[in-house]
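Undergrad: next come a sequence and a model predicted from it.
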Amino acid sequence: MPTTRTCRLTTLASALSLTLLLGACAPMSPTASTSAATPAASPAAATLPVDAALRTQTQAEVQPYLKTLESLVNIESGSRDLEGLKRLGDVVAERLGKAGMQVEIKPARAPDFHPQLKGAPLGSMVYATKAGTGAKKVLLIAHMDTVYQRGMAAKQPFRIDGDRAYGLGIADDKQGVALILHVVDLLARNGFKDYAQLGVLINGDEEVGSPGSGPFITQLGSEYDAVLSFEGGGSAAAGGGDMVRLATSSIAIVEMKVTGKASHAGSAPQLGRNALYELSHQMLKSRQFGDPAKGLQINWTVANAGGSRNVIPAEATAIADVRSLTNEDLDLMEAALKKSIEEKLIPDTRIELGFYRSRPAFVSNAASRALAQHAVALYGGLGVPLDIRERATGGGTDAAFAGLRPRGGVLESFGLRGFGAHSNDDEYVLVSNMAPRLYLATRMVMDSGSGKVRW
Ligand SMILES: [Zn+2]
């Protein structure tokens, strides 16, 4: 826990009308800013004075927050672990209900045409709402599924070591779910209702591309004025710093299936049509497509062909991963692949091409940039720098679904700084980052809900 001198203010009523007193407190020790060297990508925004009572509250919230985090980490919830996801979803739903929200559990299922999931049932979504008296609708989103298999948590149990809280899935994205629970609870305890509507969406299929929840998140993005997504807020590794994101990559899955003709590989190979050769030809041609400088890339990652050594293979399939910074570039990639399969190595083979848009790119608008500048100003009030990332770095998130047909602004990376997501390294988040991030997210809801952030 950071040692910080704070103001004595016990009631929130005073806290919320506190602007007068704001300058009276010592600045929070910038415990989360050991990386103060990180340059800000955007021109410095004006710093907003700190809400001292809220800051004190968020500091006191760190211990309860850690307890919540522990309880969430202790329920394993891989994307295909429907039983674990249901248990976790029930915990989340109960907590949101206790904070006075109307809670709905919404089933999710992959579309039938999804290349790998083909109509499979997915973890249900927890959608909660609460009406207020203010100007704008604010939505908070995070995902409760992880990339890990059941049983792996035994090797990475929840534990705290110095400034690090460890646990499987803690950075991606249980910290985000826990932050939302505590932000909602803080607002409820403070009687804050100066938003038109507060919404929470916790989904259970993000790590498989949100095939079930994506369309609903897009719908919500077109209904809410501000959407804050709680993926990790920067690297906890040396040299990392706090950030918010205005861009994430789009992801597509390419499936290629070649049908040829089987024949005896020893006595009549000329009567066969080798599907494996044709597939290889197509993969080698298309691996050059795209433009790494533009962030458009294709990589073939899975292939299957043949069954017997002495038979010319009649079938061959492969899957590629495609990334792009814009949705238009994804269209270009699809068109290039379609054209490419017209030119074959083995004329009598047949090629089927599936191009599945798994996740759109998140491209920012003026409202998103206004939200980002406001976040920088709020964090500045705490004395902590906040970097705005304007360029995607290959990862895709649900902010993109929310930002596809936005009513207002969308901002990503409201979570904690962490380390080790999707890797073999032990996953952790920074304890010293918890109070500042709780403060930032709570203030963002208050200021965007009441209409103080303008665009
Ligand atoms: Zn995530």
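TA: That came in fine, so what should we check first? Everything numeric here is computed off the predicted structure, so don't read it as measured data.

Undergrad: on the three-state scheme, Ile351 is what?
TA: Here Ile351 is strand, with the state taken from DSSP: H, G, I helix; E, B strand; the rest coil.

Undergrad: contacting residues for it?
TA: Contact analysis of Ile351 by C-beta atoms under 8 Å, 6 or more residues apart in numbering lists Met256, Lys257, Val258, Thr259, Glu278, Gln282, Ile341, Lys344. Where C-beta positions appear, they are placed from N, C-alpha and C, glycine not excepted.

Undergrad: does the second one touch Ala305 like I think?
TA: I take that to be Lys257. No - in this structure, Lys257 is not within contact of Ala305 by C-beta atoms under 8 Å, at 10.4 Å.

Undergrad: now do the shared contacts for these two.
TA: Listed as contacting both Lys257 and Ala305 by C-beta under 8 Å, 6+ apart are Glu315, Ala316, Thr317.

Undergrad: in TSV, list the residues you listed along with distance to the ion, neighbour count and pLDDT.
TA: Below are the shared contacts of Lys257 and Ala305 laid out as TSV (distance: C-beta to the ion, whole Å; neighbours: other C-beta atoms under 10 Å; pLDDT from 0 to 100):
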residue	distance to the ion	neighbour count	pLDDT
Glu315	35	16	98
Ala316	33	25	98
Thr317	29	16	98
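
Undergrad: tell me the one of the residues you listed nearest Gly232?
TA: Nearest to Gly232 among the shared contacts of Lys257 and Ala305: Thr317, at 34.4 Å, using C-beta to C-beta.

Undergrad: neighbour count for Lys257 and Ala305, which is higher?
TA: Between Lys257 and Ala305, counted using other C-beta atoms under 10 Å, Ala305 has the larger neighbour count: 19 against 16.

Undergrad: surely that one is in contact with Pro313?
TA: Yes - the criterion here is C-beta under 8 Å, and Ala305 meets it with Pro313 at 4.8 Å.

Undergrad: give the residues shared as contacts by those two.
TA: The contact lists of Ala305 and Pro313 share Ala275, Leu276, where a contact means C-beta under 8 Å, 6+ apart.

Undergrad: what's the spacing between the residue of the chain most remote from its centre and the ion?
TA: When each C-alpha in the chain is compared with the mean C-alpha position (C-alpha atoms, centre = their mean), Ser267 comes out farthest, at 55.0 Å. Relative to the ion, Ser267 is positioned 54 Å away (C-beta to the ion, to the nearest Å).

Undergrad: the spatially most central residue of the chain: what's it in contact with?
TA: Nearest to the mean C-alpha position of the chain, by C-alpha atoms, centre = their mean, lies Thr397 at 3.8 Å. Residues near Thr397 by C-beta under 8 Å, 6+ apart: Glu206, Ser229, Glu231, Arg245, Thr248, Arg359, Phe362, Glu412.

Undergrad: where does it sit: helix, strand or coil?
TA: Applying three-state DSSP: Thr397 is coil.

Undergrad: Asp348 too?
TA: Assigned with three-state DSSP, Asp348 falls in the coil class.

Undergrad: residues contacting it?
TA: So Asp348 contacts Gly260, Lys261, Arg273 (C-beta under 8 Å, 6+ apart).

Undergrad: out of the residues you listed, who has the most neighbours?
TA: Neighbour max across those (other C-beta under 10 Å) = Gly260, 23 neighbours.

Undergrad: gap between that one and the ion?
TA: Where the ion is concerned, Gly260 sits at a distance of 40 Å (C-beta to the ion).

Undergrad: from Val183, how far off is the closest residue to the ion within the stretch 301-450 of the chain?
TA: Going by C-beta to the ion, the ion is nearest to Thr397 of the stretch 301-450 of the chain, at 6.3 Å. Noted for Thr397: a distance of 19 Å to Val183, by C-beta to C-beta, to the nearest Å.

Undergrad: now Gly134
TA: Counting by C-beta to C-beta - Gly134 and Val183 are separated by 16 Å.

Undergrad: ok, these two, which is more surrounded?
TA: More neighbours surround Val183 than the other of Gly134 and Val183, with 29 against 20 (other C-beta under 10 Å).

Undergrad: which SSE is that one in?
TA: Taking DSSP states H and E as the definition, one finds Val183 inside helix 175-189.

Undergrad: close to the ion, is that helix?
TA: No - using C-beta under 5 Å from the ion, helix 175-189 stays clear of the ion, with a minimum separation of 7.4 Å.

Undergrad: buried residues in that helix, which are they?
TA: 175-188 (16 or more other C-beta atoms under 10 Å).

Undergrad: how about the closest residue to the ion within the stretch 1-150 of the chain, nearest residue that isn't a chain neighbour?
TA: Residue of the stretch 1-150 of the chain nearest the ion, by C-beta to the ion: His143 (5.6 Å). Leaving aside its chain neighbours, His143 sits nearest to Glu206 (3.4 Å; criterion: C-beta to C-beta, 6 or more residues apart in numbering).
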